[in-house]
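Colleague: What would the 3D arrangement of this be:
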Amino acid sequence: MAQDHPDHSLPRTAGGRLLPLGDAAWTVEFGTAIAPSLHGRVLGFARQVEALAARGGLPAVEVVPTFRSVTIHFDPLATDGEALAARLSALAREAQAQAVDGRHWLLPVCFDEAFSPDLPALAAARGLTPEAVPGLLTGACFRVYLIGFMPGFPYMGGLPEALHMPRRATPRTRVPARSLAVAGGMCAVYPWESPGGWHLLGRTPVPLFDPAAAAPALLAAGDRVRLRAVCRDEFVELEARVAAGGFDRHCLRGEPGRG
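Modeller: Numbers count the residues shown, from 1 in each chain. Here you go, the predicted structure:
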């Protein structure tokens, strides 16, 4: 078991450090910023660890990449935590940023006023017309940095600076499922109804989490996402197809050059 952990900080040249997370996980931090280059290193390291674990070469139970770090969970009753730490340190020193080409998606979003209660206020605060906001969103290419907060919730970078806003001063107790929202420099979609303090700017008819699917979460870290504006009628039609089981979410896959 990993107990009384010594200092496993990585050398400064490695750009990170190794930290214990309880007695059943290690976290490898590669930096402090949210940036594509740093995230590339995170994903490259995560995929290397996953590949080793799949071949039986590393006792990892689960590998969880974030904005700037990777957490490796292991069974402390079956694993020498200190030996695993030494192995992860060596791998991290060798880790290089990789051009991880995730999947490309084109996600339909309706910006009808019923789905975008915060759009007018955000536009006014940023000196924009309400009509300009959907154009900025659909013109952006978002990068999925991680899935967190709740199953399927994507934290996406690439939000145009003109739309950067702090979280709402008073969070909502109920945010409708599939709401497109922004906060700070991030964009996201709430897969489920939940409390939330992000600004709601639209809604997609597409579920971002399907428990019955082989891969329940639609999006994954490293994916690229573009938004396609749809009218209320098309939103209703797509929503009905989803409810009837006649919607194949893989039809949302976009061309690499477009997303």
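Colleague: Walking through this protein, point out its helices one by one.
Modeller: 36-54, 81-94, 119-125, 132-138, 232-244 (DSSP state H).
Colleague: Need those in CSV (columns: mean pLDDT and mean neighbour count).
Modeller: All C-beta atoms are positioned from the backbone trio N, CA, C, and that covers glycine. Listed next are those as CSV, based on pLDDT from 0 to 100; neighbours: other Cβ atoms under 10 Å:
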stretch, mean pLDDT, mean neighbour count
helix 36-54, 89, 19
helix 81-94, 90, 17
helix 119-125, 98, 16
helix 132-138, 98, 18
helix 232-244, 95, 14
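Colleague: Where does the prediction get shaky in the stretch 151-259 of the chain?
Modeller: Scanning the stretch 151-259 of the chain for pLDDT under 70 picks out 255-259.
Colleague: What ranges does it have for its strands?
Modeller: 154-157, 172-175, 179-183, 186-190, 194-196, 199-203, 224-230 (DSSP state E, counting those that start in this stretch).
Colleague: Can you add distance to Leu18 and give the helices of the chain back as a markdown table?
Modeller: Formatted as a markdown table, the helices of the chain follow (distance: least, Cβ to Cβ, whole Å):
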| stretch | distance to Leu18 |
| --- | --- |
| helix 36-54 | 12 |
| helix 81-94 | 5 |
| helix 119-125 | 40 |
| helix 132-138 | 38 |
| helix 232-244 | 43 |
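Colleague: Quick one: closest of those helices to Leu201.
Modeller: Of all those, the one in closest proximity to Leu201, counting by Cβ to Cβ, is helix 119-125 (5.0 Å).
Colleague: Out of the helices of the chain, flag the one nearest Val225.
Modeller: Among these, the nearest to Val225 by Cβ to Cβ is helix 132-138 (10.8 Å).
Colleague: what comes into contact with that closest one?
Modeller: 109, 111, 119, 122-123, 128, 160, 162-163, 180, 187, 201-202, 226-229 (Cβ atoms under 8 Å, 6 or more residues apart in numbering).
Colleague: Now a ChimeraX select for only the buried ones of the residues you listed.
Modeller: Applying 16 or more other Cβ atoms under 10 Å to the contacts of helix 132-138 leaves a buried subset, and the ChimeraX line that selects it is:
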select :109,111,119,122,123,128,160,163,180,187,201,202,226,227
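Colleague: residues contacting the closest residue to Val64 other than its chain neighbours?
Modeller: Closest residue in space to Val64, ignoring its immediate chain neighbours: Thr71 at 4.5 Å, by Cβ to Cβ, 6 or more residues apart in numbering. Thr71 makes contact with Leu21, Ala25, Trp26, Thr27, Val28, Val63, Val64, according to Cβ under 8 Å, 6+ apart.
Colleague: rerun at 6 Å
Modeller: Leu21, Ala25, Thr27, Val64 (Cβ atoms under 6 Å, 6 or more residues apart in numbering).
Colleague: export those residues to TSV and tack on pLDDT, distance to Pro195 and neighbour count?
Modeller: Converted to TSV, those look like this (pLDDT from 0 to 100; distance: Cβ to Cβ, whole Å; neighbours: other Cβ atoms under 10 Å):
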residue	pLDDT	distance to Pro195	neighbour count
Leu21	93	26	13
Ala25	96	27	20
Thr27	96	27	18
Val64	91	23	17
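Colleague: Please identify which of those is nearest to Leu88.
Modeller: Distances from Leu88 to the contacts of Thr71, taken by Cβ to Cβ, are shortest for Thr27, at 9.6 Å.
Colleague: Tell me which of the helices of the chain sits nearest to Met150.
Modeller: Nearest of those (Cβ to Cβ): helix 232-244, 19.0 Å.
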